[in-house]
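Undergrad: Starting from these lines, generate the structure:
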Amino acid sequence: MRNSMFYLVCAIGMLLYALPRLKVGEGLSLPTIFGVIWISMALLIIAAHLRIVLRVDREQRPYKPM
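TA: Numbers count the residues shown, from 1 in each chain. From the prediction side, this is the model:
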């Protein structure tokens, strides 16, 4: 989990560094398509590491009614 936290912070930092430099709002052009794909891949990586850090896959105790 420690590695995932490190990679999560790195991915967020990389996304924050790249967002102002990507040309996304210029219509349908090659730089815009690249920017959208790059942002979506970065968000996918961030989501995957968040899932590990937050332990979403951990089994929960079954509810026992009284």
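
Undergrad: Okay, and the spatially most central residue of the chain sits in which element?
TA: In the chain, the C-alpha closest to the average C-alpha coordinate belongs to Ile46, at a distance of 2.0 Å (CA atoms, centre = their mean). Ile46 is part of helix 30-53, with elements assigned from DSSP states H and E.

Undergrad: and that helix, which residues are buried?
TA: Across helix 30-53, burial judged by 16 or more other CB atoms under 10 Å covers Gly35, Trp38, Ala42, Ile45, Ile46, His49. Just so you know, the C-beta spots here come from the backbone N, C-alpha and C atoms, and that holds for glycine as well.

Undergrad: Which pLDDT value belongs to Tyr17?
TA: On the pLDDT scale, Tyr17 is placed at 95.

Undergrad: just the angle between the helix or strand hosting it and helix 30-53, please?
TA: Tyr17 is part of helix 2-18, with elements assigned from DSSP H and E. With axes from the mean of the first three to the mean of the last three CA atoms, to 10 degrees as the criterion, the two stretches helix 2-18 and helix 30-53 enclose an angle of 150 degrees.
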